[in-house]
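J.: this one's structure only:
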């Protein structure tokens, strides 16, 4: 860990040198930040565009709020429906897909519900609903939480009304929820990046992965300069250009944790 | 238990290596908290003294409100300050959101009632002692407040240190108004919160031990400078 | 210096929360030798002194000095039965009334140092006031009261519970003040002290002034049977 802090320190020195340059604020979701990708991307963005990106690490709900209020210049989140509403209401200029990673189902290594053998995520969730081991939900209206609810719905399991006693809503961020799930020996849905970087895995493992329904699309939304004249829209656009450029996309695709690639870049040229 | 020892080791190495990031967030923690506590003391101590020597209609209510504000959840303070400082809020044009200044503002709001309330309790007893003498000497209200604050300075120092303790360990409010931005608004407590959310318990604990050490060092330094806790002095 | 005396009370009455404490009192306190206030415990000696000094207000009637109030306030000082010590050094305690009146700190402390020397507290200048003995505490509070050179000095039983030597030293301080022209108005229950110091005596009984006259006359030949009984050591209710 000390090593990581020392890398931070070097980055700090570099970034202090560039601190005179323009800055922009970007609200990102915890899952993105926990992947560690930002620590690689941001120094590179500063180097190539001269823009220092200040990250606000919050849940999707709060990120959308910050963008709506004009407190950040752009947001990078993963909740398509909410993002489309954000653009439709004029809070953001547009929505640009950047990359995706995926969600995984985590649980105790001995897998009491037997989700390892499931063919689809829907089947895995049905098995959990039948055997009723503890399942911990984010319960915080974040992108991950919304996705989890959608998955339950597609599996035909009702966890919203009269939440069953095996279904526990933590009301917390991904990390805190993972800590809770590990503590309880419970199943939990997490984004892959957070889990790979998570330091407290004790007895838990990825039990189900790979279903296309688990793909997790990240999109970049600049905050509308029509609504908030003060936002650094120009910087936000240049950062978007860099993220969607060949260099940016390659860097995202090459990023690995413990030999595992985390993100699949999928930005398309702007229409 | 294993995490605890790893935490102690992590703290040890961070301090021994004079880790640059640690130094930076520690300095920022101190800067934000000391600024907030100095401002809160400048507001809270006279407020406590004023409440101690004045009898007015809503005195009991004021004191009850003050005591209740001591228990104010920092997250609520953070939210209110956020709403005020947000670009869409009434003070948005100041552009203070996500800056150390915003964190200072939130901490002042959290700490001032605490300092004022403890100061009021200490000064109320002293005022009972001094009342007749200071009236007999034809002192003005300002002179009474000054005499009480000066003569109770050691109890008031304790009140201020209680404020320091609450501010340095506070995370809920400064997380919201500061944003925990690396190299800008990240302090010890928000870093601890971040490391915990990433499951890095040892590092989080290490930072926690650094925080405790810092609080102890600050207390000792202030007591040494002011020569309290020595025999024969107040 | 304009003389603030005589102090005139006209039918002055003190009531506190509907209870009658003392009065109506009509009397005059003139310049000259000490006025001693005598009377059984609970008769209202302290209230009378505080009424004189303005710490207690008259509920009805009048209390007036020869000059107007702000001036009269500056020309008097009060010594409490239990000395109120500020949490400061002996020197800073004595200097405080000067500082309240706007004297520069350095000058005030120098004057306080001289005053402390003259009453035998010179060795304790820098000591915190609360380490002093009972007698020293009362000497400090008298020195503090005298530092502004008041024309009138009120004292409420200043030597109660003190040893003989402290009593003698405090009486010497008071006699020296009287010799400098200070009017001393003191409550006591020590008849010997009254004999040693009094120019005139106010005898309080039953919430009012029962007798007021020259000390020699009162102490040797009281007019009222209650005063005679009090001087005789009988219990008065």
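T.: It's in. Computed from a predicted structure; not experimentally measured.
J.: residues contacting residue 34?
T.: I'll assume chain A. A:174-175, A:191, A:193-194, A:197-198, B:197-198 (C-beta atoms under 8 Å, 6 or more residues apart in numbering or on different chains). Glycine gets a C-beta too; all of them are placed from N, C-alpha and C.
J.: you looked at the wrong chain, it should be chain B
T.: residue B:164.
J.: Tell me how many other residues crowd residue C:60.
T.: For residue C:60, the number of neighbouring residues by other C-beta atoms under 10 Å in any protein chain shown comes to 11.
J.: That one and residue B:160: what is the separation?
T.: Between residue C:60 and residue B:160 the computed distance is 48 Å (C-beta to C-beta, to the nearest Å).
J.: ok, now residue A:36?
T.: In terms of C-beta to C-beta, residue A:36 sits 41 Å off from residue B:160.
J.: okay, the two: which has more neighbours?
T.: Neighbour tally, residue A:36 and residue B:160, criterion other C-beta under 10 Å: the higher count belongs to residue B:160, 23 against 18.
J.: Give me the secondary structure label for that one.
T.: Applying DSSP: H, G, I helix; E, B strand; the rest coil to residue B:160 yields a three-state assignment of helix.
J.: Give me the local confidence score for residue 139.
T.: Since you didn't name a chain, this refers to chain A. As summarised for this prediction, residue A:139 has a pLDDT of 84.
J.: wait, chain C
T.: Among the per-residue scores, residue C:139 shows a pLDDT of 91.
J.: Around it, count how many other residues there are.
T.: 24.
J.: can you check residue B:43 too?
T.: By other C-beta under 10 Å, 16 other residues sit near residue B:43.
J.: which non-adjacent residue is nearest it?
T.: residue B:112 (5.1 Å; C-beta to C-beta, 6 or more residues apart in numbering or on different chains).
J.: related to what we said a few turns ago, among the contacts of residue A:34, who's most crowded?
T.: The member of those that has the most neighbours, counting by other C-beta under 10 Å, is residue A:174 with 31 neighbours.
J.: show me the contacts for that residue.
T.: Residues A:30-31, A:34, A:138, A:142, A:144, A:190-191, A:194, B:197 are the ones in contact with residue A:174 under the rule C-beta under 8 Å, 6+ apart.
J.: what's the following helix or strand after the longest helix anywhere in chain B?
T.: With residue count as the measure and DSSP state H as the assignment, chain B has helix B:100-136 as its longest helix. Downstream of helix B:100-136, the first helix or strand assigned by DSSP states H and E is helix B:141-151.
J.: and that next one, anywhere near chain C?
T.: Yes. Using C-beta under 8 Å from any C-beta of the partner chain, helix B:141-151 comes into contact with chain C via B:143, B:147, B:151.
J.: Most neighbours among these, which one?
T.: Within the residues of helix B:141-151 next to chain C, most neighbours by other C-beta under 10 Å means residue B:147, with 25 neighbours.
J.: What's the separation between it and residue C:100?
T.: Distance, residue B:147 to residue C:100, by C-beta to C-beta: 8 Å.
J.: So for those two, which residues contact both of them?
T.: Contact criterion C-beta under 8 Å, 6+ apart; residues bridging residue B:147 and residue C:100 by contacting each: residue B:139.
J.: and the longest helix of chain B, what other elements does it pack with?
T.: In terms of contact count using 3 or more C-beta pairs under 8 Å, 6 or more residues apart in numbering or on different chains; DSSP states H and E, helix B:100-136 is assigned the packing partners helix B:20-53, helix B:59-70, helix B:74-85, helix B:141-151, helix B:153-168, helix B:172-178.
J.: which one of these has the most crowded surroundings?
T.: Mean neighbour count, computed with mean count of other C-beta atoms under 10 Å in any protein chain shown, is highest for helix B:172-178 among those, reaching a mean of 26.
J.: Is there any residue in the helix or strand just after that one that contacts chain A?
T.: Per DSSP H and E, helix B:172-178 leads on to helix B:188-197 as the next helix or strand towards the C-terminus. Yes. Helix B:188-197 comes into contact with chain A (C-beta under 8 Å from any C-beta), by way of B:194, B:196-197.
J.: Out of these, which comes closest to chain A?
T.: When the residues of helix B:188-197 next to chain A are compared for distance to chain A, the smallest value, 2.9 Å, is given by residue B:197; criterion: C-beta to the nearest C-beta.
J.: Would you quantify the distance from that closest one to residue A:178?
T.: For residue B:197, the distance to residue A:178 (C-beta to C-beta) stands at 9 Å.
J.: and residue A:1, what pLDDT?
T.: At residue A:1, the pLDDT value in this model is 44.
J.: related to what we said a few turns ago, just the ones of the contacts of residue A:174 in helices?
T.: Under the assignment DSSP H, the contacts of residue A:174 contribute A:30-31, A:34, A:144, A:194, B:197 to helices.
J.: Report the two of those separated the most.
T.: In terms of C-beta to C-beta, those reach their longest pairwise distance at A:144 and B:197, which sit 13.2 Å apart.
J.: Give me the angle between the helix or strand of chain B with the lowest mean pLDDT and helix B:20-53.
T.: Among the helical and strand segments of chain B, the one scoring lowest on mean pLDDT, DSSP states H and E is helix B:2-16, with a mean of 79. Direction vectors for helix B:2-16 and helix B:20-53, defined by axes from the mean of the first three to the mean of the last three C-alpha atoms, to 10 degrees, enclose an angle of 100 degrees.
J.: which residue ranges form the strands in the chain?
T.: Since you didn't name a chain, this refers to chain A. Along chain A, the stretches classed as strands by DSSP state E are A:22-29, A:51-58, A:74-77, A:96-108, A:135-137, A:167-169, A:187-191, A:204-208, A:215-222, A:256-257, A:260-261, A:264-265.
J.: Can you look at chain C instead?
T.: C:7-16, C:19-29, C:35-38, C:60-64, C:76-79, C:152-156, C:183-187, C:200-205, C:208-214.
J.: For chain A, what's the nearest residue on chain C?
T.: The nearest approach of chain C to chain A comes at residue C:105, 47.2 Å away (C-beta to the nearest C-beta).
J.: Quick check, that residue in contact with residue C:98.
T.: No. Taking contact to mean C-beta atoms under 8 Å, the distance of 9.0 Å between residue C:105 and residue C:98 leaves them out of contact.
J.: Tell me which of these two has more neighbours.
T.: Each of residue C:105 and residue C:98 had its neighbours counted (other C-beta under 10 Å), and the higher figure belongs to residue C:98 (21 against 11).
J.: Show the contacting residues for that one.
T.: Applying C-beta under 8 Å, 6+ apart, one finds that residue C:98 lies in contact with C:107-108, C:111-112, C:147-148.
J.: switch to 7 Å and redo it
T.: For residue C:98, the residues meeting the contact criterion (C-beta atoms under 7 Å, 6 or more residues apart in numbering or on different chains) are C:108, C:111, C:147-148.
J.: now swap in residue A:78 and tell me
T.: For residue A:78, the contacting residues are A:29, A:60, A:143, A:216-218, by C-beta under 7 Å, 6+ apart.
J.: Excluding chain neighbours, give the residue nearest to it in space.
T.: Nearest non-adjacent residue to residue A:78, counting by C-beta to C-beta, 6+ apart: residue A:143, 4.4 Å away.
J.: ok, how many other residues are close to the one you found?
T.: 29.
J.: any idea how far residue A:77 is from it?
T.: Distance check for residue A:143 against residue A:77: by C-beta to C-beta, it reads 6 Å.
J.: for residue C:103, same thing?
T.: Spatial separation of residue C:103 from residue A:77 under the definition C-beta to C-beta is 69 Å.
J.: Comparing those two, which shows the higher neighbour count?
T.: residue A:77 (28 against 18).
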